[in-house]
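[1] Need the 3D shape of this:
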Amino acid sequence: MHLKTIFAVICVVIISNILLLNFFLKNIDNILVLFIISLSEAFIIYIILRLEANKIKVSIAHLNNFIKDLDNIKNFQVNIHNTEFGEFTDLVISLDNMISNYKRTNTRLSYEKRKAELILSYLEQGIIILDNSGIILEANNYMQKLGIDVTEGENIEHLLSNYKFKNMINIALQVKNSADCEFQFGSEILYFKIKPLIDYTNKYGYMLSIRDITSIRKFDDMKYEFVSNVTHELKTPLTSIKGFVETLKLGAIQNEITALRFLDIIEIEANRLSSLIEDILLLSDIEQSENLIKENFNLKKIALEVISLLEPVANKKGLIIVEKLEDIDFYGDPNHFKQIMINLLGNAIKYTEKGHIDFIIEKNGNKMILIVKDTGIGIAPIHINRIFERFYRIDKSRSRQSGGTGLGLSIVKHLILLYNGKVTVESKIGKGTTFIIKFNF
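    Have a look, this model is predicted:
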């Protein structure tokens, strides 16, 4: 029975008592009967109220248990369908609907939070989230790779002591705008950028990103050095050509012997310039090679072609090329391997004045080994680690006299790396140099 029904019953009893009282007052002898009837009605009302009070008490107990179950709301296991809440059923249903909506919202937010955390952890840069006053709220794991300890709840100004970093933070927090800086941190160069998180008119703090740009800066330096070297190497023969042409114009052309000597020099410088441009283009093509044109070819056949090409130069210097070539088939671009052999054998001839040059191709297990060994001037230990750099020359004057571009060994190195090969150099001053190259079949 609902409270509304109880109230209606009480109203009916009161009205009926009023009517009976009006009737019995006319006859005083019936007052005792009226009293007994009223007493009976009061007892019945008491019984009804007591029963309803017990039901309300049980409903309150169930409601109390329901509220206690909310302590376990993280699991959302509350179930109202098998429980009687009486007068509080509507309230409990509303609460249950609210909890169900909360569950869906919380699940969605948890998913979005986890997704954001995963995205932050996969970023190849450090990320720190700050509040509007610069207090650290959270950071991704990449900060550990950068060697920077981050403490949540700490002011970002205390993260690093570098003056550039502190100045960047102060500018960003005061002006409420983006700022950046970069500086050396240990052995790395780090780039910092702080940016306010703004959505229309709402500001949610700042995001600080940190990137390791060491390799980028090294590449920039290499690019600058390469451009400078190329400019210098191109300028030298061009200046020479221009000077001899002007001399010829001023009258040297009238002297046939002098004119021919000048024209020979111009031809040499023009050939050197052509070789330099060809080597630069070849090196560029090698570095940008993605889809190699590969085919089966015979290494011995390629080696014999190289020997026939360079042997006249060696014989002119009184050098002997001692060949030991196994009949080996390989899979790759034959032109690349021909270029490796030409550059190595050409260098051996160039820097050897007497003796012989060993040219060996052999197979050892699953490896193909190419060896070029000379009895030339040798290379000092301090130079061995740098001879594969672009435009690096041990003896610049000798290299230019011999027509070298300074790119030959750099081309060799890049071609070897293109086929996942390895190269080692052994050398002694005055005894000669040995290049050993290994490729996997």
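
[2] just checking, what packs against the host helix or strand of I257?
    Assigned by DSSP states H and E, I257 belongs to helix 256-287. When contacts are defined as 3 or more CB pairs under 8 Å, 6 or more residues apart in numbering; DSSP states H and E, helix 256-287 sits against helix 214-249, helix 408-418. No exception for glycine: its C-beta is placed from N, CA and C like everyone else's.

[3] Ok, which of those comes nearest K300?
    helix 408-418 (18.8 Å; CB to CB).

[4] The very next helix or strand once past the closest one: partners in the sheet, and parallel or antiparallel?
    Sequence-wise, the next helix or strand downstream of helix 408-418 (DSSP H and E) is strand 422-428. The strands beside strand 422-428 in its sheet (DSSP bridges) come out as strand 432-440 (antiparallel).

[5] Now do the partner strand: distance to the chain's middle.
    35 Å (CA atoms, centre = their mean, to the nearest Å).

[6] again, but for stretch 210-221
    Centroid separation between stretch 210-221 and its chain, computed with CA atoms, centre = their mean, is 13 Å.

[7] same check, this time on stretch 268-277
    42 Å.

[8] Give me the mean pLDDT for it.
    Stretch 268-277 shows a mean pLDDT of 80.

[9] Distance from the helix holding I257 to the middle of the chain?
    43 Å.

[10] after it comes which helix or strand?
    The helix or strand immediately downstream of helix 256-287 is strand 295-298, counting by DSSP H and E.

[11] got the angle between the next helix-or-strand element following that following strand and strand 432-440?
    Tracing the chain past strand 295-298, the next element assigned as helix or strand by DSSP H and E is helix 299-316. Relative orientation of helix 299-316 versus strand 432-440 (axes from the mean of the first three to the mean of the last three CA atoms, to 10 degrees): 170 degrees.

[12] hang on, G421 packs against F441?
    No - the criterion here is CB atoms under 8 Å, and G421 misses it with F441 at 11.4 Å.

[13] Comparing these two, which shows the higher neighbour count?
    G421 (17 against 11; other CB atoms under 10 Å).

[14] Compute the distance between the closest residue to that one other than its chain neighbours and L283, please.
    Excluding its sequence neighbours, the residue lying closest to G421 (CB to CB, 6 or more residues apart in numbering) is F439, at 4.4 Å. Distance of F439 to L283, given as CB to CB, to the nearest Å: 20 Å.

[15] Where does pLDDT dip in the stretch 201-350 of the chain?
    201-203, 289-292 (pLDDT under 70).

[16] For the residue nearest in space to the middle of the chain, which non-adjacent residue is closest in space?
    Most central in the chain under CA atoms, centre = their mean is E124, positioned 3.4 Å from the mean C-alpha point. Counting by CB to CB, 6+ apart, Y142 is the residue found nearest to E124 once chain neighbours are left out, at 7.0 Å.

[17] same thing with V313?
    Using CB to CB, 6+ apart and skipping residues adjacent in sequence, the residue nearest V313 is I349, 5.6 Å away.

[18] Please verify my assumption that the one you found contacts K317.
    Yes - using CB under 8 Å, I349 is in contact with K317, at 6.8 Å.

[19] Compare neighbour counts for these two and give me the winner.
    More crowded of I349 and K317, by other CB under 10 Å: I349, with 21 against 11.

[20] what's near enough to touch that one?
    310, 313-314, 317, 319, 357, 374 (CB atoms under 8 Å, 6 or more residues apart in numbering).

[21] on that earlier part again, figure out which of the helices and strands packed on helix 256-287 is closest to G332.
    helix 408-418 (8.7 Å).

[22] Can you give me the buried ones in that closest one?
    408-416 (16 or more other CB atoms under 10 Å).

[23] and the angle for that helix with strand 422-428?
    140 degrees.

[24] Name the nearest of the buried residues of helix 408-418 relative to G378.
    L409 (15.1 Å).

[25] In contact with that closest one: list those residues for me.
    So L409 contacts 343, 347, 387-388 (CB under 8 Å, 6+ apart).

[26] okay, it: pLDDT?
    For L409, the model assigns a pLDDT of 88.

[27] again, but for N17
    pLDDT, N17: 60.

[28] Need the buried ones from the contacts of I349 selected in PyMOL.
    The following PyMOL line selects those of these that are buried, judged by 16+ other CB under 10 Å:
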select buried, resi 310+314+319+357+374
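
[29] Just send the contacts of I349 back as a markdown table, with distance to K176 too.
    Converted to a markdown table, the contacts of I349 look like this (distance: CB to CB, whole Å):
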| residue | distance to K176 |
| --- | --- |
| L310 | 69 |
| V313 | 71 |
| A314 | 73 |
| K317 | 74 |
| L319 | 74 |
| I357 | 71 |
| D374 | 68 |
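
[30] Mind picking the two most distant members of the contacts of I349?
    For the contacts of I349, and using CB to CB, no pair is farther apart than V313 and D374, which are 13.3 Å apart.

[31] about what we covered before: of all the helices and strands packed on helix 256-287, which one is nearest V306?
    helix 408-418 (13.1 Å).

[32] which SS state does the closest residue to P196 other than its chain neighbours fall under?
    Ranked by CB to CB, 6+ apart and with sequence neighbours excluded, the top spatial neighbour of P196 is Y206, at 5.4 Å. Three-state assignment for Y206 (DSSP: H, G, I helix; E, B strand; the rest coil): strand.

[33] Next, the contact list for Y206, please.
    Taking CB under 8 Å, 6+ apart as the test, what Y206 contacts is 129-132, 134, 172-173, 194-197.

[34] Go again with 7 Å.
    130, 172, 194-197 (CB atoms under 7 Å, 6 or more residues apart in numbering).

[35] now do F183
    162, 164, 190.

[36] and it, what helix or strand is that in?
    strand 179-185.

[37] Let me know the average pLDDT across the helix or strand following that strand.
    Following strand 179-185 in sequence order, the next helix or strand is strand 188-199 (DSSP H and E). In this model, strand 188-199 has a mean pLDDT of 89.

[38] which residues touch strand 188-199?
    146, 165, 168-169, 172, 176-183, 203-214, 217.

[39] I'd like to check the angle between that strand and helix 214-249, please.
    110 degrees.

[40] buried stuff in strand 188-199?
    Applying 16+ other CB under 10 Å to strand 188-199 flags 189-194, 196 as buried.

[41] what do you get for stretch 251-261?
    A259.

[42] For N54, state which of the buried residues of strand 188-199 is nearest.
    Distances from N54 to those, taken by CB to CB, are shortest for P196, at 62.6 Å.

[43] Share the number of residues neighbouring D333, please.
    17.

[44] Surely it touches N296?
    No - the criterion here is CB atoms under 7 Å, and D333 misses it with N296 at 11.2 Å.

[45] Show me the contact partners of stretch 210-218.
    Outside stretch 210-218, the residues that reach it (CB under 7 Å, 6+ apart) are 125-126, 146, 182, 188-192.
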